[in-house]
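1. what follows is a protein structure lacking sequence information:
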C-alpha cells in the first residue's frame with residue numbers, strides 16, 4: 001500500500017469516526033427532548 005493511500009484511508013476513518021460521534025450526541029439530545037415532551041419527566045441516566 002502506498003503511503004498516500006494509507007493517509008487517505010486514515011483520514012477517511014477519522015472523518016467517519018468524528019461524524020459518528022457527532023451524530024450520536026445529536027441523537028441523544030433529540031431523544032432527551034422527546035422523552036421530556038412525552039413523559040413530562042427527566043430521562044433516566046445511564
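-> Received the coordinates, thanks. Given the structure is predicted, the values throughout are model-derived calculations rather than measurements.
2. quick one, phi/psi of residue 42?
-> phi -70, psi 140 (degrees, to the nearest 10).
3. what sits against residue 41?
-> Listed by Cβ atoms under 8 Å, 6 or more residues apart in numbering, the contact set of residue 41 reads residue 35. Yep, even glycine has a C-beta here, placed from its N, CA and C like the rest.
4. what about it, which SS state?
-> coil (DSSP: H, G, I helix; E, B strand; the rest coil).
5. residue 44 too?
-> Residue 44 ends up coil, using three-state DSSP.
6. same check, this time on residue 7
-> helix.
7. find me the pLDDT at it, would you?
-> Per-residue pLDDT puts residue 7 at 95.
8. give me the number of residues near it?
-> Residue 7 has 10 neighbours, counted by other Cβ atoms under 10 Å.
9. can you tell me how far it sits from residue 39?
-> 47 Å (Cβ to Cβ, to the nearest Å).
10. any idea how far residue 41 is from the residue located most distally from the centre of the chain?
-> What lies farthest from the middle of the chain is residue 2; by Cα atoms, centre = their mean that is 30.5 Å. To residue 41, residue 2 is 56 Å away according to Cβ to Cβ.
11. contacts only, for residue 4.
-> Residue 4 touches nothing, counting by Cβ under 8 Å, 6+ apart.
12. in this protein, where is pLDDT below threshold?
-> Applying pLDDT under 70 to the chain picks out residues 1.
13. please enumerate the strands of it.
-> Taking DSSP state E to define them, one finds no strands in the chain.
14. ok, which stretches of it are helices?
-> 3-39 (DSSP state H).
15. for residue 44, give me phi and psi.
-> phi -60, psi 150.
16. that one: neighbour count?
-> 6.
17. residue 38: how many residues sit nearby?
-> Residue 38: 8 neighbours (other Cβ under 10 Å).
18. how close does it get to residue 20?
-> Counting by Cβ to Cβ, the gap from residue 38 to residue 20 is 27 Å.
19. what's the answer for residue 31, then?
-> From residue 31 to residue 20 the distance is 16 Å (Cβ to Cβ).
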